[in-house]
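> using only what follows, build the 3D model:
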Amino acid sequence: MTDVTTNAASVAPERPIWRVMRDFRKSPLALLGLAMLVVIVAAAFLAPWITPQDPYDLRSLSIMDSRLAPGEVGFSGISFWLGTDGQGRDMFSAILYGLRISLMVGVIACTTAMILGLTLGLVAAYFGGRIDTLVMRLVDLHLSFPPILVALILLAVLGRGLENIIFALIIVQWATFARMARATALSERGREYVEAAQSLGLSRTRILFGHLLPNCLPPLMVLYTVEIASAIALEATLSFLGVGLPATQPSLGLLISNGFQFVMSGQYWISVFPGVALLLLIVAINLVGDRLRDVLNPRNIT
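Now for the predicted structure:
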């Protein structure tokens, strides 16, 4: 009996990160999504080294190579496996460079929005009273408008540009994080560890960010992955409408827009291939986010 007790005590409890990884691997769709996401991110990061041309270096472009079908060899001797657009840019190269811009915009905007919304949500839940009322009324007012309408108004005032569209996406997304952070913090505020920290005389800042924050992160990380996909899709929509990124910093949305006029003439590849790349990116992120939602759900933790 003593040996059994000793062996049981000597077994260390499983760390949460290992439990999450073990449960995540049980879903083939989630693993497929993660593999797709890793490949897409790696290809975008390595674009300058694995693409046959810099699609935005005018010296490497030739008007003789414009609108070539997939698989054709251009005037410069390069085989364009995904064809070229109206400016003679290799679509494979343009897509990978566009992925870099789309991912950068989505990650920077969503990360900043999460930090802002998380801070406001924690403060509102912990202090309550007028602060909570003020923050949540701002959130309700913000969420009463469609995201694309808010972004269009901001970009109409600020103009096109990378910094402006990131700012617009931050303004669009912070309220969603604030509401989620407040709801999670309210459920955690009455727990014993918060009361113990208060009885020890710890500062409010330490309780907020040292105790409440770590316990509010799991559902927010799930929301974070989903909102990255939403930010990328919204940025693509704005660029397609002509109010997003400029031609010197084209994302996937602008690539789709550039080829839209040629779709009916049979030159489908200029719009279709960037659209497929955007679809695969969003699907991969959503597959990972959906699985994380199931894995990090407290009801599923045994």
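
> from the chain's centre, how far out does the helix or strand harbouring residue 188 sit?
Of the helices and strands defined by DSSP states H and E, residue 188 is found in helix 162-189. For helix 162-189, the gap between its own C-alpha mean and the chain's C-alpha mean amounts to 13 Å (Cα atoms, centre = their mean, to the nearest Å).

> stretch 248-258 too?
Using Cα atoms, centre = their mean, the mean C-alpha position of stretch 248-258 is found 18 Å from that of the whole chain.

> pull out the buried positions in that stretch.
By neighbour count with 16 or more other Cβ atoms under 10 Å, stretch 248-258 contains the buried residues 249-258. Glycine gets a C-beta too; all of them are placed from N, C-alpha and C.

> and what of stretch 126-142?
126, 132, 135-136, 139, 142.

> before we move on, the earlier item: just list what the helix holding residue 188 packs against, helices and strands only.
Counting contacts by 3 or more Cβ pairs under 8 Å, 6 or more residues apart in numbering; DSSP states H and E, helix 162-189 is packed against helix 91-127, helix 129-143, helix 147-158, helix 213-240.

> rewinding a little: how about the buried residues of stretch 126-142 in JSON lines, adding distance to residue 83 and pLDDT?
Supplementary listing: these in JSON lines, determined by distance: Cβ to Cβ, whole Å; pLDDT from 0 to 100:
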{"residue": "126", "distance to residue 83": "56", "pLDDT": "79"}
{"residue": "132", "distance to residue 83": "55", "pLDDT": "86"}
{"residue": "135", "distance to residue 83": "50", "pLDDT": "89"}
{"residue": "136", "distance to residue 83": "51", "pLDDT": "90"}
{"residue": "139", "distance to residue 83": "46", "pLDDT": "91"}
{"residue": "142", "distance to residue 83": "42", "pLDDT": "89"}
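
> show me the shaky parts of the stretch 101-250 of the chain.
190 (pLDDT under 70).

> if we go to 90?
Of all residues in the stretch 101-250 of the chain, those with pLDDT under 90 make up the ranges 118-119, 121-133, 135, 142-144, 156-162, 180-223, 225-226, 238-250.

> what count of nearby residues applies to residue 61?
Burial measure for residue 61: 20 neighbouring residues, criterion other Cβ atoms under 10 Å.

> quick check, it in contact with residue 86.
No: with the criterion set as Cβ atoms under 8 Å, residue 61 and residue 86 do not qualify as a contacting pair; they are 10.8 Å apart.

> distance of the most centrally placed residue in the chain relative to residue 124?
Among the residues of the chain, the smallest C-alpha distance to the mean C-alpha position (Cα atoms, centre = their mean) belongs to residue 228, namely 1.7 Å. Here the distance between residue 228 and residue 124 works out to 24 Å (Cβ to Cβ, to the nearest Å).

> kindly report the same for residue 173.
With the distance defined as Cβ to Cβ, residue 173 ends up 17 Å from residue 124.

> thank you, goodbye.
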